[in-house]
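Enquirer: model the structure of this input:
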Amino acid sequence: MSETHRHHVITALLEERPFVSVKELQLMLRVSAATVRRDIDKLDEAGAARKVHGGLAAPEGGPRRKTVSLPFVENRDIAVEAKRAIATEASKLVRDGSLIIVHGGSTCFEFGTRIANRNVRVFTNSMPLAGYLSEHGTCQLTVGGGDLHREPGILYDPARGGYEFYASQFFVGALGVSQEGLLENHPLLVRFINDMCGLANEIIVLVDSRKFAERPSSVALPLSRVTRLITDDGLSDRDAAMLEDEGVAFSIAATSGAAS
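Expert: The predicted structure is shown next:
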C-alpha cells in the first residue's frame, strides 16, 4: 500500500471515530510502527489530523484534509460495494440504441462493466474502460484520441475540440461534491468534463457518499447542470438536504449491507 493510499485510509477512518492508536494502524495497514509514526507526523503537519499521545485524533472542527486523487489501480479497491451498487442503478437509465459518454474513474469503470454487452455505442477517453470493453464487451466502442495522461488515465487533447457527435447521456464521476458543484483537483479533468457536458443531453453523476466530505480545489461543473446524481445509502441527511435545496434530482443505490 502506497503512502498516499495509507493517508487516505487513515483520514477516512478519522471521519468515523475521534481517535486511532498506533497499534491499530499497524494492524490495519500492515506496516511497521516506524512507518505509522512517519504517517502520523505528515498528517499532523498537513492539518489532516492531530498527533496525540499514542496515536492520531481527528482535527479540531472536523476534517481539514487536502483531497488527494488516488491512482486508478488503488482507488478501484476502495468503497467497492457502494460503487457497484451505484453502477447497477445507473445502468437502468441507459436506453438501448443510444450513444453515451462515459468518464474515467473507478465508479464510471464499474458502470461501464454493467453496460458492456448492451446495444449502445460508448464514447470514452478512459484507457482502463476502453481496454475492458474491447476485451469483454459487445457494445460499439469509440475511444477519444489525444495524449495519454496516465493519471487520471485518459486520452485527451484539449486543443482538439470539434467533436462531431451528440450523446444522449454523459456519465461522470467527481473527486468531490459540494453546494458549489462537482469538484476536481486536476485542471485537465475540469476542462474535459466541460467539453463532454457540451456534447450530451443529460449529465448523470456517479459518486459514492464519501465524496460529499471531500473538498478538491476546483469546481468542474455547477450542480445546476446535473440531470441526476446517483450515490449510495451512506448519504447523510445533511448532504441529501443540500441536494434537495439545490434542486438536484438524485437516486440512492442500496448496498447489500443496508437494512431491509
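
Enquirer: what sits against the closest residue to residue 222 other than its chain neighbours?
Expert: With sequence-adjacent residues excluded and distances taken as Cβ to Cβ, 6 or more residues apart in numbering, residue 222 is closest to residue 181, at 4.1 Å. Quick note: C-beta positions are derived from backbone N, CA and C, even for glycine. Listed by Cβ atoms under 8 Å, 6 or more residues apart in numbering, the contact partners of residue 181 are 219, 220, 221, 222, 223, 224, 225.

Enquirer: ok, and the most crowded of those residues?
Expert: residue 220 (25 neighbours; other Cβ atoms under 10 Å).

Enquirer: which strands and helices sit next to the helix or strand where that residue lies?
Expert: Assigned by DSSP states H and E, residue 220 belongs to strand 218-221. The helices and strands touching strand 218-221, judged by 3 or more Cβ pairs under 8 Å, 6 or more residues apart in numbering; DSSP states H and E, are strand 181-184, helix 187-197.

Enquirer: comparing those, which yields the minimum mean pLDDT?
Expert: Averaged per stretch, pLDDT over the helices and strands packed on strand 218-221 is lowest on helix 187-197, reaching a mean of 89.

Enquirer: in it, which residues are buried?
Expert: 189, 190, 192, 193, 195, 196, 197 (16 or more other Cβ atoms under 10 Å).

Enquirer: between these, which is nearest residue 210?
Expert: residue 189 (17.9 Å; Cβ to Cβ).

Enquirer: which residue is the nearest non-sequential neighbour of the closest one?
Expert: Closest residue to residue 189 apart from its sequence neighbours, by Cβ to Cβ, 6+ apart: residue 152 at 6.0 Å.

Enquirer: number of nearby residues for residue 131?
Expert: By other Cβ under 10 Å, the residues close to residue 131 number 11.

Enquirer: low-confidence ranges in the stretch 151-260 of the chain?
Expert: 159, 161, 257-260 (pLDDT under 70).

Enquirer: hmm, 50 instead?
Expert: 259-260 (pLDDT under 50).

Enquirer: from the contact counts, what lies against the next helix or strand after the strand holding residue 220?
Expert: From strand 218-221 onward toward the C-terminus, using DSSP H and E, the following helix or strand is strand 228-232. Other helices and strands packing on strand 228-232, by 3+ Cβ pairs under 8 Å, 6+ apart, are helix 80-91, strand 200-206, strand 250-253.

Enquirer: what angle separates strand 228-232 from helix 80-91?
Expert: Interaxial angle, strand 228-232 versus helix 80-91 (axes from the mean of the first three to the mean of the last three Cα atoms, to 10 degrees): 150 degrees.
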